[in-house]
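K.L.:
the following comprises the amino acid sequence and a computationally predicted model.
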Amino acid sequence: FAIHHSLFTMLYSMTGYGRAEQTIGDKTFLVELKSLNGKQFDLRLFLPSLLKPYEFEIRNLLNEGLERGSVECNISIKQNGASKPVTINTELLKAYYSSVTEVAKELNANVDQLLSAILRLPEVVVNSTEMLNENDWKAFNKLIESAIYDLNEHRKDEGKSSEADLLLRLANIEEQQQLIKDLAPLRKDKIKEGLQKLLTEHVGKENYDPNRLEQELIYYIEKIDISEEQVRLNNHCNYFRTILAEKGKSKGKKLSFILQEFGREINTTGSKANNADIQKCVVMMKDELEKMKEQILNVL
């Protein structure tokens, strides 16, 4: 239930924190999850020795539930009730002891309490007959799912603010695009005036062919025509909104690809602008696009 819950929210962040604690049998298990943005699913897993045999299953549960991001999972156990028989890992104890005494000699440090300190180090003293039974393992599965659910709820909350920011910047780009649409036709008159002035100065008003002027004008206007770029950018904006509204969690990569297409159309518009006011609009669009790209890096 936890993993597939709330798939109908529009956007999830990759950043989040999840925690779940439960007593199973005579032990209290604590699962803590932290997630940051990452291109793939990258997991750092810290397990007590009791759960080492289940590492593969735990990794799979986390991968399926969290999908993507740089994840740290820390699982700890508190023992309750009667103590269990223990085994001392003598080889490990000897290795620790010889290494630490060597350093202690170099530092002229006191070694009186050394053994008791080493016995407290990880994996030196282990519960000898410990295994989770099937029911306990099932209960532990539910606990991990609960931590995943908690983290995904956090991701969903973060995603809401990311989505609001992206939609705002998208609207800003569309606003600049409308300004460009209004400014684009004005360039024709400006080019005509420029060509007429040039010809009058160098050839004389009576000596140039008006038909030739029109041909030159058509040539220049075709060179600076940005209608196709505007149509494509408009389509990309609509597609971006459609993806945002789709069901499902993982859409960051797709949105990132669409933003690359935004960049192509905006750059081409800039190179064909031939107008200071249009160039200003292009700069504003690029600024909004960069902020959108930064935001998308953190989207699941």
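P.N.:
In hand now; what should we look at? Remember, predicted model here, so these are calculated numbers, not experimental data.

K.L.:
surely residue 155 and residue 33 touch.
P.N.:
No. In this structure, residue 155 is not within contact of residue 33 by C-beta atoms under 8 Å, at 10.6 Å. Any C-beta I mention is one placed from the backbone N, CA and C, and that applies to glycine too.

K.L.:
helix/strand/coil for residue 45?
P.N.:
strand (DSSP: H, G, I helix; E, B strand; the rest coil).

K.L.:
just give me the longest helix of the protein.
P.N.:
When the chain is parsed with DSSP state H, its longest helix is helix 134-183.

K.L.:
give me the neighbour count for residue 283.
P.N.:
Neighbourhood size, residue 283 [other C-beta atoms under 10 Å]: 12.

K.L.:
any common contacting residues for residue 155 and residue 33?
P.N.:
When C-beta atoms under 8 Å, 6 or more residues apart in numbering defines a contact, the residues bordering residue 155 and residue 33 alike are residue 16.

K.L.:
give me the element residue 75 is part of.
P.N.:
In the assignment (DSSP states H and E), residue 75 maps to strand 69-79.

K.L.:
same question but for residue 291, I mixed them up
P.N.:
Here residue 291, judged by DSSP H and E, is contained in helix 276-296.

K.L.:
check which residues of that helix are buried.
P.N.:
Neighbour counts over helix 276-296 (16 or more other C-beta atoms under 10 Å) mark 278, 281, 282, 284, 285, 286, 288, 289, 292, 295, 296 as buried.

K.L.:
in space, what's closest to the third one - neighbours in sequence excluded?
P.N.:
For residue 282, ignoring the flanking residues on the chain, the nearest one in space by C-beta to C-beta, 6 or more residues apart in numbering is residue 270 at 4.0 Å.

K.L.:
and what about the one you found, helix, strand or coil?
P.N.:
What three-state DSSP gives for residue 270 is helix.

K.L.:
so who does the closest residue to residue 286 other than its chain neighbours touch?
P.N.:
In space, residue 286 comes closest to residue 266 once its chain neighbours are excluded; the distance is 5.9 Å by C-beta to C-beta, 6+ apart. Contact analysis of residue 266 by C-beta under 8 Å, 6+ apart lists 233, 282, 285, 286, 289.

K.L.:
pLDDT wise, what is the fourth one at?
P.N.:
If I follow you right, that is residue 286. Here, the pLDDT recorded for residue 286 equals 96.

K.L.:
distance from the chain centre to stretch 100-114, please.
P.N.:
On the basis of C-alpha atoms, centre = their mean, to the nearest Å, stretch 100-114 is displaced by 47 Å from the centre of the chain it belongs to.

K.L.:
just the endpoints, please. Distance across that stretch?
P.N.:
Taking C-alpha to C-alpha, to the nearest Å, stretch 100-114 runs 8 Å from one end to the other.

K.L.:
how about that stretch: buried residues?
P.N.:
Buried residues in stretch 100-114 (16+ other C-beta under 10 Å): residue 100.

K.L.:
who touches it?
P.N.:
Defining contact as C-beta under 8 Å, 6+ apart, one finds that stretch 100-114 is touched by 97, 118.

K.L.:
again with stretch 34-52
P.N.:
With C-beta under 8 Å, 6+ apart as the test, stretch 34-52 has contacts from 14-18, 55, 58-59, 62-63, 66-77, 123, 126-127, 130-132, 140, 151, 155, 297-298.
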